[in-house]
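S.K.: Attaching a predicted model along with its sequence, questions to come.
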Amino acid sequence: MGSVSNSLVLSPATQEDIPAIVDVWFDAFTQPVIGKLFPDTPGMRQWFRDCHTLDMQTKPLQKYVRVVDEDAKDAQGRPRLVAFGKWDLSTPEERGRRFPLWHIDSPFQDCENLIKGLDGERKRVMGDQKHYYLDTVGTHPNYQRRGAGSMIVKWGCDLADHDGVAAYVDASKEGAPLYKRFGFEDFSKPDEEIASMARAQRA
């Protein structure tokens with residue numbers, strides 16, 4: 001599956017893209033709470049690179065996609081990677097632990113609590129219904145609101161529709177309108193900072 005929006009092109013990501021994926025992640029997620037959990041240190045960047053490498057090598061149901069700008073080049077002269085997404089087609093039981101043990105630069109218990117909370121919300125909203133999970137979508141700040149994120153969301157929604165399953169995402173409240181355009185509904189409580197969003201199975 002591929003799609004084009006002006007000079008932006010979506011395609012599957014490979015291990016060669018992992019360094020750029022990590023760069024985009026740190027450029028995109030600059031909120032103080034994220035910086036506390038995942039500080040931008042050399043060790044943390046290597047931890048992320050190792051996580052993505054492990055997923056791509058050993059977890060075939062973790063589907064990575066990228067968006068590149070064909071009119072811009074990176075340091076190697078290739079089209080610049082400006083956004084990426086990770087869709088998880090497995091159930092939590094099939095997937096196992098979402099991340100390896102946390103890097104020493106991360107506060108262990110805070111990270112454990114975060115993932116436990118996210119997994120609990122996903123279970124509360126989706127129950128045992130088969131669904132695909134949008135684990136991560138990140139867009140470089142210079143390319144936000146240019147359609148890259150929408151391309152990634154649409155890719156997974158189209159796949160879910162093709163396979164006849166629902167979809168789920170943990171979204172920021174600010175990002176919720178993007179997902180609502182694709183049919184996601186917010187099932188979180190009003191005082192929660194993260195929007196627990198589900199998209200029903202399509203006939």
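M.R.: Received it, and whenever you're ready, just let me know what you need.

S.K.: Give me the distance from the longest strand anywhere in the chain to the chain's centre.
M.R.: For the chain, the strand with the greatest residue count under DSSP state E is strand 62-73. Here strand 62-73 shows a centroid-to-chain-centroid distance of 14 Å under the convention C-alpha atoms, centre = their mean, to the nearest Å.

S.K.: Packing partners of that strand?
M.R.: Judged by 3 or more C-beta pairs under 8 Å, 6 or more residues apart in numbering; DSSP states H and E, the packing partners of strand 62-73 are strand 8-12, helix 18-28, helix 42-58, strand 79-88, helix 148-163. The C-beta positions use only the backbone N, C-alpha and C, and glycine is treated the same way.

S.K.: now with 10 Å?
M.R.: strand 3-5, strand 8-12, helix 18-28, helix 42-58, strand 79-88, strand 131-139, helix 148-163 (3 or more C-beta pairs under 10 Å, 6 or more residues apart in numbering; DSSP states H and E).

S.K.: Which among these is found nearest to K73?
M.R.: When the helices and strands packed on strand 62-73 are compared by C-beta to C-beta, strand 79-88 sits nearest K73, at 6.1 Å.

S.K.: can you pull the buried residues of the helix or strand just after that closest one?
M.R.: Using DSSP states H and E, the next helix or strand after strand 79-88 towards the C-terminus is helix 92-95. Buried residues in helix 92-95, defined by neighbour count with 16 or more other C-beta atoms under 10 Å: R95.

S.K.: one step back: CA atoms only for the longest strand of the chain, dumped as PDB, please.
M.R.: Once non-C-alpha atoms are left out, strand 62-73 reads as follows in PDB (Å, rounded to 0.1, in the frame of the first residue of the first chain):
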ATOM      1  CA  GLN A  62       4.700  -4.800  14.000                       C
ATOM      2  CA  LYS A  63       4.200  -2.800  10.800                       C
ATOM      3  CA  TYR A  64       6.400   0.300  10.300                       C
ATOM      4  CA  VAL A  65       5.600   2.900   7.600                       C
ATOM      5  CA  ARG A  66       7.400   6.100   6.700                       C
ATOM      6  CA  VAL A  67       6.700   9.300   4.900                       C
ATOM      7  CA  VAL A  68       9.500  10.900   3.000                       C
ATOM      8  CA  ASP A  69       9.700  14.300   1.200                       C
ATOM      9  CA  GLU A  70      11.000  13.500  -2.300                       C
ATOM     10  CA  ASP A  71      11.800  17.200  -2.700                       C
ATOM     11  CA  ALA A  72      14.200  17.200   0.300                       C
ATOM     12  CA  LYS A  73      17.300  15.200   0.800                       C
END
